[in-house]
Every structure is written in C-alpha cells, then in structure tokens.
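A.B. asks: based on what follows, work out the 3D shape:
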Amino acid sequence: MAANPEHDSDIIIDMEPAQNPASDPTSPEGKGVVVAVGEKSVEAYHEIAYVPEPEDLPEPPCTTNVLQNFGVVNERNRLRRVSKYLDPWAEEDDEQAQTLQKLRRWRDVRNTGIWGRVKAAVGMGKATGETGSSRPGDEELEKLVLHHFPAPGEFPVRIVDFGPDGSKKYEVSLKTCLDEFIHEKPADVHVRWIYAPVGPGLISSCFDDLFLNAGKRQTKVLGAGKKAWPYLAIESLSFRQRESYMQMRDVFSILGTDTPTNASLRARLDKRKSEGMGEALATDLAWRCEHLGMESGFWDLVYDLVPYHLTQISTQETTAGPKDIVDPNGAGHIYQTLWSHPSFQNGQLVRTMVWNYHREDGMLLTMGAPCGVEYLDKDFDKWLGQSKRRREDNEEASVFAFLCKRFEKSGTRDWPQKTVEYFLIYLLTEVAASPHNIRQGRALTRLTVAYKQIVEKLKLRRYDRFRRHESIALVRDFLTCQDELTCICNVMRGRLTLLENLESFLSEIDPDREGKADNEDPVSPTQCESALGRVQWALPLVKEQLSICEALLVDLRLSTEALFQLKSIEQNELAIVAESQNKAILVFTAVTVIFLPLSFFTSYFGMNLADMEDPSKNESWFWRVCGVVGVLLVVLTSSWAFRQELRERFFGNGCMTAPSADVMIPDPGRDVDMNNPNAVAPLGSCGDSGGSYPGVSGDQEPPSQGSADQPASPGSSIEIPNVVGQLIAFFLVAAISVAILNGLD
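C.D. replies: The predicted model follows:
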C-alpha cells in the first residue's frame, strides 16, 4: 500500500496551516481545505474538526516553559478571542440530546408501573407537560447511537506527519487508515503519528496487531519496556461533562441491552458495523473472536468507548487483553465528592489507559478512549460543554490537540532528536503532568488544592450533631473521597514508576547530557527540551501530586476514625436516654394490655339493652353488618400498613431508574456547592433529603451501615406493630356494631 491516499478511497482532510485561509467561517473559503481523492473536490464544513484561525498565529510554547513565554500565550489569546469559542457541531449535539430526552421519558414511563402506563396511554400527562413518552423510531435511535458510538470501521482516526518544514494533519476513518496509512510514511516525514480514540477492547487489539505487522517491529527497549514487548502505556486522567458522560451511559444502558424492544435496532447496527469495517479488520476480528471465544456484535465492539469512572477500578493493567477488560458501563455509582467544589461541579473525572506502539521506521500508534479536558483554566466549563469533535481540536483543552498545534509550523525543526522515540517521550510526559493549570497561568484551582478544600469541609462536618440521614450521608462522603484519593494515588504511582525508569534509561544512554543542555538558553522560542529534560520536568510534578494526595488520604482516614468514635459516643448517650424512654413505654404497654380488654368488656356488658327484648333484626343480621364493616376496617388497616409495597407494585417508585441502583445523579432542584455537600441526590431519592439512599423513597428509612438486624437508631419514632393495630381495629368494630344495633332498634 502507498503512504498517501489513492484513487477511490475515502476523503482525506488536509489541515496544512499554509493552506488554511483566515476568513469568515460562514464563507466557503473559511470552511477549511479538503484535499480530494482523484479529481473530485469535496467541501463540507462538518467533515473536519477545524475552526479557521489567523495565519500569523504563533505556535503555543511548550508546557515546560510556558510561564517564561507567557507573552506568546497572551498573543494567542488575543488573536483567538473569537475563534476558540466557535463550535460548529453544537447544533448536532443538541439535536441528539433532544432524542435522548425522548428516550429517557419513554424509559421513565415504563418504570413507573401500571398507573404511569395508563397515563401515557390516555394522554393524562399533557396537563403536566409529560408529553412525548413514545419511543423514537429506529432510524432516529440509530443516529443517536452512532453519534456517541461510531461503527468500528468509521472510528475517526487523526494522522499527523511531522517533517522539517511543519506538520500535515489528516482525519480519516479507521478503514481508510488501515488501507492507506499504516504501511509506510513519506520519505520527507520524520515521524507519522496515528491517534485512534479506540477503547481497550477487540478493535484496539486488532488495530495494534495490524499496525505492528505492517512494518518493521520495534526492538529497542525504551525505559521500562522489554524486548518481548518494548511498548509503553500510561494512564490518563481527564474531565468529561457530567451530562455528556451520563448520556453515553444512558444510551448504552437503554439501547445496548438484548431485549425484544431493541431487536430491530441491533440488527440495523450490526449491519452498519459489517458494511463499513473493511476486509483487513474484518478478517483479523473474525480470527480473534474465534480464538478468544468472544462475540463481535456492534455493542461488543464499542462498549469500551465509555471511559472508566475514577473509582470504578483500583488499577489498570498496562498489558491487558480483550478478556481482561472490565465493562466501564457497570460502575456502581458515578457520584464524586469533587462535584462539591465550585470549580469542578460540572466535571466528571475519568481515567483512560493510553497505549503507544512505535516502530523503527518512525511510525507511532496511540490508542485510548476519546479525549476529554486535561488543561484547567477559567474557560474550563466552556471546554466541557463543547462538542466532542470541537474539543478534540482545542489545544487549550486536550493534550492530543495541543501536540498537533505545538509542531504545526515548526515540525521537527527544533527537536533535539528527530525520532519517534523523542516524540513518544514528549507525549508521555505531557500526559503524565495532566490534568494541570499551567498552560493558562494558574487560571483555575489545581486538582490537589480542590481536594484539600473538600477534605477540610468534610473534617468540619465531623462535629455536627447526629442526625440519622445526614450522618449516614457524611460517612458516605468520607468513604467516597477516600476511594477517589486512593485511585488518584494509584494512577500517580504508575506514572512515577514509568518516568523514573525513563530517567534512568536516558541517563545511561548519554550521561554527559544530563542537566546540561536544558540549563542553556534556548536558541529560539520554539526550541524543545531534550528527552531527559522533559522527563526531569514531569517527575517533580508527579511526585508533588502523589505526596499531596497521600497526605490527604492519611488525614482523611484519621478523620474517618475520629468521626466513627464521635458518632459512637453520641449514639451511646442517645441510647441511654432511649433506654429510659423504652422502660416507660414498656410500663405503659403492660398497663394498656391489662386494662384495655377489661375496659372493653365492662363497657360492652354494661350497656343498657332493656329495650331490645324483641328486636326486629336477628343475630345473623348483626354478623352480616358487623362482619362487612369489620372486614373493611381490617382491609383498610392492612393497606395502610403495607402502603409502600402496594405503591411500588401498582404505581412504580416514582423516580427515574438506572441500570444500577447505586447510580447517583444531581438533584435538579439544588445547586452543588461547598456548603451543601448533600446536594447530589441518589437515583431513587426523588430529590428528598441529601441523606437518602439509592432505591429508597423519601418515607423509608435508609439501610444501616451495620447488619441487617441492627435496630433503629435511638431517638427515632416507634411504630405500633400491625397486630396491635388490627386488635384495636377489632375492638372498634365490635363497639361500632353494638352502637349500630342499639341505634336501629
């Protein structure tokens, strides 16, 4: 195969900066330049994740010296003050969000029991605005699915050729990439970088196998690599918008299940998957599925595009295969204490393993789930709200977009070594330092500082008076924050190990260069550090973050122990008070049990029935009337006693249900802030108190932290047993019956 596009292949989008006109984005000239295949000329704005920018825009400086060259950052911000906020694909995102809302309403109606379905059938929801509860059509749902989960052969792959005079960027489908770009690179290109936003499943396994077999395999050991597998991986932390993350999970949970309702849609998606895959990928996939004993349906190949929730798994394997992958859609809950911080209340912190495969001929393949926001600045919320396609080209949000822009004009001209190994180390160190707020001059709270403030808020809440629901919610926040810090520490330890191995490896290769070239003044503003300098820049950042998170974790664990001790002492005091109350109630109950029957019988037999010597109604009539009244009272009493079970049976739980009962969503009626950490209501709480639990309605008691037989907390109200209530009802029936007979006769 040729290194460049051939006739009759897919359209390839050229983003060479010298050809990009700086004009109005609404004009044809401002829609980017499309290099056509053959003699065809295609111009489509939506085909390219590109917004026109001024030609005199300087390249962004390296993160290592961005604070020393902040004038360049200010100049870029001035020239891009309009273009960086443009998002041509926002309308498409809004359209698909409306389709998902219809699907969610349909799902909610199905989960509200018999009464909800009757309302939907007769149109009773129109008065309350609950219209549009019908399921969207398969064609509309197919567009929704492909918007979030592209078909395997249609995965967008970005290819960047770095040469001495600049870089050239292409955006092609996975099928075209396998056919045209993985075999060799042009002679005047030093490094060809292929970035495929593919999850860690079957498709990524096929892709890296085809890529490595298409050229000369790498034999050099780099850092911690081994001769048998000399490739490096690093775990990335990035932010997604909470609503966008929930949209992906909801699409998968509703439409990805194998149910009769989804049968026709699954058939359409499987057909789309087969048609656009390509021969090379299809052949390798068929063999791999047979070898591993796995299915190759549409959802089996795309489910891993959802990134892992931060605390879903403790650690990730860097050499895991398709059978070792944990389903990212099975997270128990997605609630994060980070939401309580005002800077991150709209962000979902996720983790992704980034695999890198480099060949001796200068080719590099990078794979990982679609990128999020790794750079923190004052526009953090705006970057979260951008469409996926726009965010992937926003160098102020994404590491991968920054790497494309960083060498857009200079190319490899200022690289100390014009090799694929140097670019790989540049990529690894940039990912290792993120998420950070360096690129825009500390314009947003750092992640570690945010967790410091969250931990301090939790520690202050330890001394609040014991309240059953809120105290349990506080314990949950303590444990959730511990899990988050533990997972962040695990990620940082993996990064630290990788960087330390790279530093040792690079120091052994050229010990004379250590700490020398990087202390000299750069020849030009775009000059890059050496590979060793990049590693030595990233190492202190990772060590600092790890040490801070470990200190916070120790502090939080000690605070949790102190919290349990305080609550235990407080509960013991309440138990002493409750014990005296229980004794008084026991005496009162004993007196009631003794004197209630005596009072009843003395009242019953003490009635004056002298005028009823010859009543017109006989005894059978008495039991017909009193029996019916008694049965009605018993039924009503039993219905009241079991009202919750009957409500759930006939009317549903009244809340949106999720694939997992522990999934938490923000309560739309409240804002999340530092002073109200309970502002996120779990699914099933219907916006009740922040201490509610998943799947438990507002008038139910949440599950205890202890055993199932643990008694209620001291101070809680004591309910009358159902048997005693029915006994009292029987006495009332008898008294009413006698009164009826006495009144009629």
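A.B. asks: switch to C-alpha atoms for all contacts and neighbour counts from now on
C.D. replies: Will do.
A.B. asks: what does Gly293 show for phi and psi?
C.D. replies: Per-residue torsions, Gly293: phi 70, psi 40 (degrees, to the nearest 10).
A.B. asks: tally of neighbours for it?
C.D. replies: Neighbour count for Gly293, taken as other CA atoms under 10 Å: 10.
A.B. asks: could you check how far Arg288 is from Ser205?
C.D. replies: 9 Å (CA to CA, to the nearest Å).
A.B. asks: do the same with Glu392
C.D. replies: 23 Å.
A.B. asks: try Phe650
C.D. replies: Taking CA to CA, one finds Phe650 at 48 Å from Ser205.
A.B. asks: mind naming the longest helix for the protein?
C.D. replies: helix 531-605 (DSSP state H).
A.B. asks: I'd like the next helix or strand past that one.
C.D. replies: Next in sequence after helix 531-605, counting helices and strands by DSSP states H and E, comes helix 619-641.
A.B. asks: list the buried ones in that next one?
C.D. replies: Going by neighbour count (16 or more other CA atoms under 10 Å), the buried part of helix 619-641 is Cys626, Val629, Gly630, Leu633, Val634, Thr637, Ala641.
A.B. asks: columns pLDDT on top of those residues, output as TSV?
C.D. replies: Formatted as TSV, the buried residues of helix 619-641 follow (pLDDT from 0 to 100):
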residue	pLDDT
Cys626	76
Val629	81
Gly630	77
Leu633	80
Val634	80
Thr637	81
Ala641	79
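A.B. asks: gap between the two ends of stretch 365-372?
C.D. replies: 19 Å.
A.B. asks: swap that for stretch 231-248, sorry
C.D. replies: 30 Å.
A.B. asks: ok, and what's touching it?
C.D. replies: 97, 100, 148, 222, 224-225, 306, 316, 318, 346-358, 371-374, 384-385, 428, 431-432, 434-435, 491, 494-495, 498 (CA atoms under 8 Å, 6 or more residues apart in numbering).
A.B. asks: run the chain-centre distance for that stretch.
C.D. replies: 7 Å (CA atoms, centre = their mean, to the nearest Å).
A.B. asks: and stretch 89-100, by the same measure?
C.D. replies: On CA atoms, centre = their mean, the centre of stretch 89-100 falls 19 Å from that of its chain.
A.B. asks: and what of stretch 422-440?
C.D. replies: Using CA atoms, centre = their mean, the offset of stretch 422-440 from its chain centre is 23 Å.
A.B. asks: which residue of Phe650 and Ser205 possesses the greater neighbour count?
C.D. replies: Ser205 (18 against 13).
A.B. asks: name the element the more buried one belongs to?
C.D. replies: According to DSSP H and E, Ser205 maps onto helix 202-213.
A.B. asks: helices or strands up against that helix?
C.D. replies: If contacts are counted by 3 or more CA pairs under 8 Å, 6 or more residues apart in numbering; DSSP states H and E, helix 202-213 sits against helix 279-292, strand 363-367.
A.B. asks: turn those into CSV, including mean pLDDT, distance to Asp138 and mean neighbour count.
C.D. replies: Listed next are those as CSV, based on pLDDT from 0 to 100; distance: least, CA to CA, whole Å; neighbours: other CA atoms under 10 Å:
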stretch, mean pLDDT, distance to Asp138, mean neighbour count
helix 279-292, 92, 25, 15
strand 363-367, 94, 31, 23
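A.B. asks: among those, which is nearest His183?
C.D. replies: strand 363-367 (9.0 Å; CA to CA).
A.B. asks: contacts for that closest one?
C.D. replies: 182, 184-185, 191-199, 204, 208, 211, 354-358, 420, 424.
A.B. asks: now it against helix 202-213, angle please.
C.D. replies: Computed by axes from the mean of the first three to the mean of the last three CA atoms, to 10 degrees, the angle separating strand 363-367 from helix 202-213 equals 170 degrees.
A.B. asks: what pairs with strand 363-367, and is each one parallel or antiparallel?
C.D. replies: Strand partners for strand 363-367, identified by DSSP bridges, are recorded as strand 191-196 (parallel), strand 347-358 (antiparallel).
A.B. asks: including mean pLDDT, distance to Asp284 and mean neighbour count, could those go into a markdown table?
C.D. replies: As requested, the strands paired with strand 363-367 are exported to a markdown table (pLDDT from 0 to 100; distance: least, CA to CA, whole Å; neighbours: other CA under 10 Å):
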| stretch | mean pLDDT | distance to Asp284 | mean neighbour count |
| --- | --- | --- | --- |
| strand 191-196 | 95 | 18 | 24 |
| strand 347-358 | 92 | 18 | 23 |
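A.B. asks: could you save those strands as JSON lines and add columns showing distance to Gln247?
C.D. replies: Listed next are the strands paired with strand 363-367 as JSON lines, based on distance: least, CA to CA, whole Å:
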{"stretch": "strand 191-196", "distance to Gln247": "22"}
{"stretch": "strand 347-358", "distance to Gln247": "12"}
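A.B. asks: quick one: which of those strands is nearest Gly278?
C.D. replies: Per CA to CA, nearest to Gly278 of those: strand 191-196, 16.4 Å.
A.B. asks: rewinding a little: Val535: which of the strands paired with strand 363-367 is closest?
C.D. replies: Between the strands paired with strand 363-367, strand 347-358 lies closest to Val535; by CA to CA that is 16.9 Å.
A.B. asks: what's the distance between Leu485 and Phe478?
C.D. replies: From Leu485 to Phe478 the distance is 11 Å (CA to CA).
A.B. asks: contacts only, for Leu174.
C.D. replies: Contacts here follow CA under 8 Å, 6+ apart; on that basis Leu174 touches Pro152, Gly153, Glu154, Phe155, Pro156, Val157, Ala196.
A.B. asks: so which of these are in strands?
C.D. replies: Filtering these for membership in strands, criterion DSSP state E, returns Pro156, Val157, Ala196.
A.B. asks: tell me the contacts of Ser639?
C.D. replies: For Ser639, the contacting residues are Leu646, by CA under 8 Å, 6+ apart.
A.B. asks: swap the cut-off to 7 Å and go again
C.D. replies: Applying CA atoms under 7 Å, 6 or more residues apart in numbering to Ser639 gives no contacts.
A.B. asks: domain assignment for this structure?
C.D. replies: Domains of the chain are assigned by automatic domain parsing as 12-86+144-557, 90-136, 597-687+702-744.
A.B. asks: those: which one's closest to Leu574?
C.D. replies: Between the domains of the chain, domain 597-687+702-744 lies closest to Leu574; by CA to CA that is 5.8 Å.
A.B. asks: and the next helix or strand past the helix-or-strand element of the chain with minimal mean pLDDT?
C.D. replies: Sorting the helices and strands of the chain by mean pLDDT, DSSP states H and E puts strand 34-35 at the bottom, at a mean of 34. Later in the chain than strand 34-35, the nearest helix or strand by DSSP H and E is helix 70-79.
A.B. asks: that next one: how far from the chain's middle?
C.D. replies: Mean C-alpha position of helix 70-79 versus that of the full chain (CA atoms, centre = their mean) differs by 33 Å.
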